[in-house]
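Chemist: show me the folded form of this:
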Amino acid sequence: KGQLLLLLVSIFNMDIRKKSQVDDTMMASLDSINVYRYDDEVMRATTDPSTYAAFHKALADGTPMPKKEADLLATDMMNWAISKGAVNFSHWFCPIRGLKAGTKLDSFINLDFSSPKALKPIVGKKFDGSQLFMSETDGSSFPNGGMRATHTAAAYMSWDRTSPPFIRKDTIFIPSVFMAWTGGALDYKTGLLRSQAAISEAGTKLLHHLDFNDVKSVHANVGWEQEFFLVPYELYAERVDLQQCERILFGTVPPKNQQLSDAYFSTVSPRIKPYFTELQEELWKVELSNSVLHKEVAPSQHELSTIFSLTNVASDQKILCVEIMQEVAAKHKLVVLLHERPFAGINDSGKHGNWSLNADNGMNLFVPGKTAQAQKSFIAFVAALMHGVHKHQEVLRASVGSYGNDFRLGGHETPPAIVSLYTGSLLGDHLQTVAEGGAIEGYVGGRYGGKQVSCGAKEAAPVGGAKEDRNRNAPLPFCGNRFELRAIGSNQVVALPMMALNTVIADGCNHINKLVDGGMSVNEAIASTIKENLNIVFKENDYSPELAIKLKDKSLKILTTTLDELNSDINEESFSSSLILSPAEYIDALNTTQFVSRVCLSSNESHLISTKQGDHLTIRTLHTQPFSVFKNMKIEVVQLALNSVTGLTFTLDSIMHRSELGQDEFSLTILSARDENGELVPLESTKLVFYFNRAFLRKFVQCLLDAMHEDPKLLVSEWRRNEEMPPSAKEFIESIGREEKHAACFPVLGSDEVDAAGNSSVRPWW
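Modeler: Below you'll find the model as predicted:
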């Protein structure tokens, strides 16, 4: 049972499972595209011209629709939804809890208030403008970092009018923002919408400085790629660790996994193909532009990709996509695993955000262009991005930070925990030339056509390849017509990293705008910005030692864990100065909920998993980094320390410590245990199921330290990164605190003590 990966390789590569109950000859239909989405074209077709015009005027002005037109629009939308089988509506929003949308079903019914009867009858087909545009709920029951409480709980959903409603089964869902009674953001989307307004304003002004005076707005777009694992439900049901922690805590890496690189782009298994077929059609029905499906590098790993759309709409679609993926998987007796590292020893899963800016005149601002004016515009926005990324490294790192993603960053094909901008050799050289006083125009690269690539056989025509090579381990590489944020975790929403990108480039545009407004020429402002921020550009392998060399001048920062960057004062200033998030919205809501989520997930994994095997009891715990210094310790030492802490007398069969990719596993196999009277304690007794909370850790480890201090020979392994054993237990504890700095960011379990002043402590056990 423990060797799930070995089974997966057999199941998905050799097809030994029984045939799926779903017909594997079924095919998706292109006729199903957009049948359940109330987009702008459907609105135009189902409403009268005055209602349609009133909606767009209110959207442009940022004001409510007049009541008469709002009621008419609500009625038209309800009638369309009923014609598709819907009987309910729901304001669908994205609280700060990952890929789990909020929804509450309301029906198209009401009381007949025109009836003279005291007991009003129920009538159907009732839905007005007040119900369409808003709803109310209890904000205190969602993650909010203290912005809402039970005595101040009011929170509202308001339709994001740029994100079209959609139907799933019997309900039409209305994508909405989620805000407190104070107007504060309780979701990911509100800040994202503010960031879109910020880049539109700053980008439009910069384009006017560049003589593109016809531009009235700038839009941020993203096309995301989602990696995930698919496992059979019957195997998932046997693994409590997968169910509780969404990843394997114990098991064996099979001899054959991904060494031969024979899974990537291979034929989809007959068991999986019917799932993909149904998934594809269900996504198309709600106009979710899934255009790519393929197998990924690891066994059982897959990827789907979408065509770009507005960043707020793409964020909604990402969450909706996950809901549909999981729903269809259940029908096919499969389970979707979205954890960034569900299995050790093979590739992890990420989400790539292909992000770009477009002006309302049709220009893609990250395409170099063919005219001198377009080339100057391209370099200007690259300069703005350089400034934003260089100044706000913590912002970008925090936006992709999560407990799961910290396992992933720096692994195979994933960027390191160092934020840099990859431009490619030619663009990097051109930026260097501009910084030294050369011409801004002249770079003419692009996604395709910049270089002729031929295989040397006349049967296959040469192709127009990209001018720059492709980098798959950079956090933010240039891809010819966009920048690809590769550091997003597979289990993360895209709203937060897109909000960060929009915010930092808006700050870069404002920087150039201020220089021009202060008297510099546009060319001087662009060149000056590039020169000041060249250190953020890295043209080489992001896994190479050269990247570490760049750290010596402190131009780049190593941000190993999520908490390193969440606690940065720079992040609060970055968001609050640009009016994207207030200090309360960042510190109280986003920061606090991230911290609580991390501690809860860590605590969940840190609990002992106890398994009884015959007359043995094996106890394991994970993420107890302090135990890494005790590997290979003599069993007598651990036995004495355990006796001292528990008051019982143990006989141990074995102890084991294993460390892999920052994870630590410490297990004890107990033969017997006796109480203070010498009586045998049943191995299934709850007394033996210990939880390694902070109090237990402190006592247990202190006993080990005391024993080793008295007799250093009891320790048989080398000291971790120390040539000799420290002279005292106190000094040793201090050395652990220095060496395990990343582990010291959060406790193994929540705090269970208070200090002398009565304040709850969140320090790690040492």
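
Chemist: is it true that residue 40 touches residue 162?
Modeler: No. Counting by Cβ atoms under 8 Å, residue 40 stays clear of residue 162, with 9.6 Å between them. (Glycine included, C-beta is placed from N, CA and C.)

Chemist: ok, these two, which is more surrounded?
Modeler: residue 162 (15 against 12; other Cβ atoms under 10 Å).

Chemist: residue 59 versus the more buried one, what's the distance?
Modeler: In this view, residue 162 and residue 59 are 7 Å apart by Cβ to Cβ, to the nearest Å.

Chemist: ditto for residue 499
Modeler: Taking Cβ to Cβ, one finds residue 499 at 21 Å from residue 59.

Chemist: likewise residue 652?
Modeler: Separation of residue 652 from residue 59 (Cβ to Cβ): 69 Å.

Chemist: next: residue 151.
Modeler: As judged by Cβ to Cβ, residue 151 and residue 59 stand 35 Å apart.

Chemist: who has more neighbours out of these two?
Modeler: residue 59 (12 against 6).

Chemist: show me what contacts the more buried one?
Modeler: 161, 162 (Cβ atoms under 8 Å, 6 or more residues apart in numbering).

Chemist: what of residue 156?
Modeler: 134, 135, 136, 137, 178, 179, 181.

Chemist: let me have the residues you listed in CSV, extended by distance to residue 394 and secondary structure.
Modeler: Shown next, in CSV, are the contacts of residue 156 (distance: Cβ to Cβ, whole Å; DSSP: H, G, I helix; E, B strand; the rest coil):
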residue, distance to residue 394, secondary structure
134, 35, strand
135, 36, strand
136, 36, strand
137, 33, strand
178, 26, strand
179, 26, strand
181, 31, coil
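
Chemist: of all the residues you listed, which two lie farthest apart?
Modeler: 135 and 181 (13.7 Å; Cβ to Cβ).

Chemist: so these two - more neighbours on which side?
Modeler: Just comparing residue 135 and residue 181: by other Cβ under 10 Å the higher neighbour count belongs to residue 135, 21 against 14.

Chemist: what's the spacing between the more buried one and residue 65?
Modeler: Taking Cβ to Cβ, one finds residue 135 at 16 Å from residue 65.

Chemist: select the longest strand from this structure.
Modeler: Identified as the longest strand of the chain according to DSSP state E is strand 218-232.

Chemist: average pLDDT for it, rounded please.
Modeler: Averaged over strand 218-232, pLDDT sits at 96.

Chemist: number the chain from 22, please
Modeler: Yep, numbering from 22; the last one is strand 239-253 now.

Chemist: and the next helix or strand past it?
Modeler: Next in sequence after strand 239-253, counting helices and strands by DSSP states H and E, comes helix 254-257.

Chemist: helix, strand or coil for residue 196?
Modeler: Following DSSP: H, G, I helix; E, B strand; the rest coil, we place residue 196 in the strand state.

Chemist: quick one: residues contacting the nearest residue to it once chain neighbours are set aside.
Modeler: Closest residue in space to residue 196, ignoring its immediate chain neighbours: residue 184 at 3.8 Å, by Cβ to Cβ, 6 or more residues apart in numbering. Each residue near residue 184 by Cβ under 8 Å, 6+ apart is listed here: 196, 333, 334, 337.

Chemist: if you set the cut-off to 6 Å instead, what comes out?
Modeler: By Cβ atoms under 6 Å, 6 or more residues apart in numbering, residue 184 lies in contact with 196, 334, 337.

Chemist: ok, these vs residue 135, which is closest?
Modeler: Nearest to residue 135, judged by Cβ to Cβ, of the contacts of residue 184 is residue 196 at 32.8 Å.

Chemist: so which bits of the longest helix seen in the chain are buried?
Modeler: The residue-count maximum for a helix in the chain (DSSP state H) belongs to helix 516-538. For helix 516-538, burial by neighbour count (16 or more other Cβ atoms under 10 Å) applies to 516-534, 536-537.

Chemist: packing partners for it?
Modeler: helix 210-230, helix 393-412, helix 414-420, helix 543-553 (3 or more Cβ pairs under 6 Å, 6 or more residues apart in numbering; DSSP states H and E).

Chemist: residue 264 is in what secondary structure piece?
Modeler: Under the criterion of DSSP H and E, residue 264 resides in helix 261-266.

Chemist: please work out the angle formed by the directions of the following helix or strand past that helix and strand 239-253.
Modeler: Counting by DSSP H and E, the next helix or strand C-terminal to helix 261-266 is helix 294-306. Using axes from the mean of the first three to the mean of the last three Cα atoms, to 10 degrees, the direction of helix 294-306 lies 150 degrees away from that of strand 239-253.

Chemist: quick check: mean pLDDT of helix 294-306?
Modeler: In the prediction, helix 294-306 has an average pLDDT of 95.

Chemist: follow-up on the earlier one: quick one, the longest strand of the chain and helix 516-538 angle?
Modeler: Counting by the same axes, to 10 degrees, strand 239-253 lies at 160 degrees to helix 516-538.

Chemist: quick check: neighbours of strand 239-253 in the sheet, parallel or antiparallel?
Modeler: In the sheet, strand 239-253 lines up against strand 322-327 (antiparallel), strand 330-331 (antiparallel), strand 355-358 (antiparallel), strand 371-380 (antiparallel) (DSSP bridges).

Chemist: so which of the ones you listed is the most surrounded?
Modeler: strand 371-380 (a mean of 23; mean count of other Cβ atoms under 10 Å).

Chemist: what average pLDDT does that strand get?
Modeler: pLDDT averaged over strand 371-380 gives 95.

Chemist: pull the helix or strand with minimum mean pLDDT from the protein.
Modeler: Among the helical and strand segments of the chain, the one scoring lowest on mean pLDDT, DSSP states H and E is helix 750-760, with a mean of 38.

Chemist: if I look at the residue lying closest to residue 386 once chain neighbours are set aside, how far off is residue 429?
Modeler: In this structure, residue 386 finds its nearest non-sequential neighbour in residue 378, 4.2 Å apart by Cβ to Cβ, 6+ apart. Per Cβ to Cβ, residue 378 is found 27 Å from residue 429.

Chemist: with residue 531 instead?
Modeler: Distance, residue 531 to residue 429, by Cβ to Cβ: 33 Å.

Chemist: also residue 297?
Modeler: Going from residue 297 to residue 429 by Cβ to Cβ gives 24 Å.

Chemist: now do residue 501
Modeler: 26 Å.

Chemist: just want to know which of these two has more residues nearby.
Modeler: Comparing residue 501 with residue 429 by neighbour count (other Cβ under 10 Å), the higher total belongs to residue 429, at 27 against 20.

Chemist: give me the pLDDT value at residue 517.
Modeler: On pLDDT, residue 517 comes in at 92.

Chemist: hmm, it is touching residue 420, no?
Modeler: Yes. With contact defined as Cβ atoms under 6 Å, residue 517 counts as touching residue 420 (4.8 Å).

Chemist: can you tell me the centre-most residue of this protein?
Modeler: residue 513 (2.2 Å; Cα atoms, centre = their mean).

Chemist: can you tell me the element that one falls in?
Modeler: Assigned by DSSP H and E, residue 513 belongs to no helix or strand.
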